[in-house]
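**Q** pasting the sequence and the predicted model now:
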Amino acid sequence: MNVKSIDVVISGQSYRLAVAFGDEGPLLQAVKVVDAEMSRIRATTNAKGQERVAVMAAIRLAADLLTLKHTQGAPSEIQVATQLASWVERIDHVLRDHEHIIDVP
């Protein structure tokens, strides 16, 4: 699988993400969804710190995914849990790489 790096901005933070050639579209759509959700949370809550907002966004998006699964019979809970674990691992990796610039309360 050929992989390339792309630069994205989520909630004002720049990130470099690895993506397989041809998969850029879905990844960029996901970035837009995460960015919008983090912006919504930041605007409507008193959440402090990028990490807290990211976790709240991840939980909200996971809840939406699980709701969709139940209404459409989409992926199994194991598939969803596996995907969520992968996302959390990626988020943790990015946060560790940028912890010197992230405001953590």
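**A** Thanks, I have it.

**Q** ok, and the closest non-adjacent residue to the spatially most central residue of the chain?
**A** Most central in the chain under Cα atoms, centre = their mean is V34, positioned 5.2 Å from the mean C-alpha point. In space, V34 comes closest to I10 once its chain neighbours are excluded; the distance is 5.6 Å by Cβ to Cβ, 6 or more residues apart in numbering. No exception for glycine: its C-beta is placed from N, CA and C like everyone else's.

**Q** okay, and the beta partners of that neighbour?
**A** I10 has the following beta-bridge partners by DSSP bridges: Q13.

**Q** what is the neighbour count of it?
**A** Here the number of neighbours of I10 (other Cβ atoms under 10 Å) works out to 22.

**Q** you'd agree V55 is in a strand?
**A** No. Applying DSSP: H, G, I helix; E, B strand; the rest coil, one finds V55 to be helix, outside a strand.

**Q** for this structure, which spans come out with low pLDDT?
**A** Per-residue confidence for the chain (pLDDT under 70) gives these ranges: 1, 72-77, 93, 96-105.

**Q** again, only using 80
**A** Low-confidence segments of the chain (pLDDT under 80): 1, 68-105.

**Q** ok, the residue nearest to V34 touching D35?
**A** Yes. Under the contact definition of Cβ atoms under 8 Å, I10 touches D35, with a separation of 4.8 Å.
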